[in-house]
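Undergrad: Here is my input, please return the structure:
(one chain, ligands or ions: 1)
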Amino acid sequence: MGVEIRVEGLTKSFGRQVIWEDVTLTLPAGEISVLLGPSGTGKSVFLKTMVGLLKPDRGHCWIDGKDMPNLRERDMYEVRKLFGVLFQDGALFGSMNLYDNIAFPLREHTRKSESEVRRIVLEKMEMVGLGGAQNKFPGEISGGMRKRAGLARALVLDPQIILCDEPDSGLDPVRTVLLNQLIVDLNAEIEATILIVTHDINTARTVPDNIGMLFRRELVMFGPREMLLSSEEPVVRQFLNARKVGPIGMSEEKDLSELEAEARLGRDPGPLPPIPPQLMTSDGRLRRTQHAPGEWLRTHGVTPPEGSFIDEMGRDWLQEWPKYVAEMSAGAGRHSEGAH
Ligand SMILES: Nc1ncnc2c1ncn2[C@@H]1O[C@H](COP(=O)(O)OP(=O)(O)OP(=O)(O)O)[C@@H](O)[C@H]1O
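TA: Residues are numbered from 1 along each chain as shown. Sure thing, here's the model as predicted:
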């Protein structure tokens, strides 16, 4: 089961350039969260600070009771073992085949025998759909395969926390959805706490349990997916709906002439689009941390936009959910009876 991560008042600057200030959020144990923000708002810096690769100016990041940025190097090394990190390009060693790349953390951080290493590497490769590709070199495979190899490598130490920095950059839309599916299935399987940095709006809208948004050196909002997808906050709304109208411009903030032009053309962002159903696991089983569709909206008295929670087959998940959960639990019951 993944661990909760509690970030409090985290602030980071490089020289006089403040990247973000006073970031406070909690990544709930075992849930999937997405971090959004225009380019250059410090999302990668945030991930690197979480794993202790960068030191913040001040603040805390509590992981399993330990305050990561304020640990001694040796203790930090121990906490780092809880993490699996998928960097943007997979960060594979070009001179090693996939097998050796994926085996690397096991050989570096554990004293496992080569036969044990082999068992784990092949299992993880199978898990990400790379069975049989052990002898390929990173230069011989596609970008999507490199990402999956990076993911397999991030998984070998059985991480309780997985950080993915733009896992979908450079992937075609179908590969992006397949990678998202893999992440959701993985979450159901190993129940790790997952944080994904992405620019892909479809990923942000359909995959996570929670969404956070960085803008103008602060965390504008962090909370359940439904909270951000129904938010009227201009930056959140503009970003999550990929709209031109809103505070974000080509440089991070719009200048006066852009805002004047926008005012002439009309600045009404229009109605919010429907909230899509969340991506389910591929075998339909429920993730341990999965929330019922509409749960946050109901508890907060928010009416979702017309057409929300209807999937591409026309099923309305607000109606279907109780029936679905009952069927799944009955199925799980049957499985466990069968197992005894
Ligand atoms: N080691 C460093 N030293 C100095 N400045 C840095 C360092 N790393 C990042 N920065 C600066 O911090 C800012 C945020 O960078 P970061 O890569 O985190 O942005 P990002 O939100 O991930 O962007 P993108 O979406 O384009 O990947 C940038 O201005 C970058 O130049």
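Undergrad: for the stretch 1-150 of the chain, which spans come out with low pLDDT?
TA: For the stretch 1-150 of the chain, applying pLDDT under 70 flags the ranges 89-90.
Undergrad: Which positions in it make contact with the ligand?
TA: Taking C-beta under 6 Å from any ligand atom, the part of the stretch 1-150 of the chain that reaches the ligand is made up of 14, 19, 37, 39, 40, 41, 42, 43, 44, 45. Any C-beta I mention is one placed from the backbone N, CA and C, and that applies to glycine too.
Undergrad: Restricted to helices, list these.
TA: If you go by DSSP state H, these have 43, 44, 45 in helices.
Undergrad: export those residues to JSON lines and tack on neighbour count and distance to residue 129?
TA: As requested, those are arranged in JSON lines below (neighbours: other C-beta atoms under 10 Å; distance: C-beta to C-beta, whole Å):
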{"residue": "43", "neighbour count": "24", "distance to residue 129": "27"}
{"residue": "44", "neighbour count": "16", "distance to residue 129": "26"}
{"residue": "45", "neighbour count": "19", "distance to residue 129": "31"}
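Undergrad: What is the nearest of those to residue 85?
TA: residue 44 (11.0 Å; C-beta to C-beta).
Undergrad: you'd agree the closest one is up against residue 198?
TA: No. The criterion here is C-beta atoms under 8 Å, and residue 44 misses it with residue 198 at 11.8 Å.
Undergrad: Mutual contacts of those two, please.
TA: Shared contacts of residue 44 and residue 198 (C-beta atoms under 8 Å, 6 or more residues apart in numbering): none.
Undergrad: Distance of the nearest residue to residue 70 once chain neighbours are set aside relative to residue 76?
TA: Among residues not flanking residue 70 along the chain, residue 60 sits closest, at 7.0 Å (C-beta to C-beta, 6 or more residues apart in numbering). Residue 60 sits 14 Å away from residue 76, going by C-beta to C-beta, to the nearest Å.
Undergrad: Give me the phi and psi angles of the residue nearest to residue 70.
TA: phi -130, psi 150 (degrees, to the nearest 10).
Undergrad: Quick one: residues contacting it.
TA: So residue 60 contacts 6, 7, 8, 9, 10, 67, 69, 70 (C-beta under 8 Å, 6+ apart).
Undergrad: Three-state assignment for the most centrally placed residue in the chain, please.
TA: With distances taken as C-alpha atoms, centre = their mean, residue 196 lies nearest the centre of the chain, 2.3 Å away. Under DSSP: H, G, I helix; E, B strand; the rest coil, residue 196 falls in the strand class.
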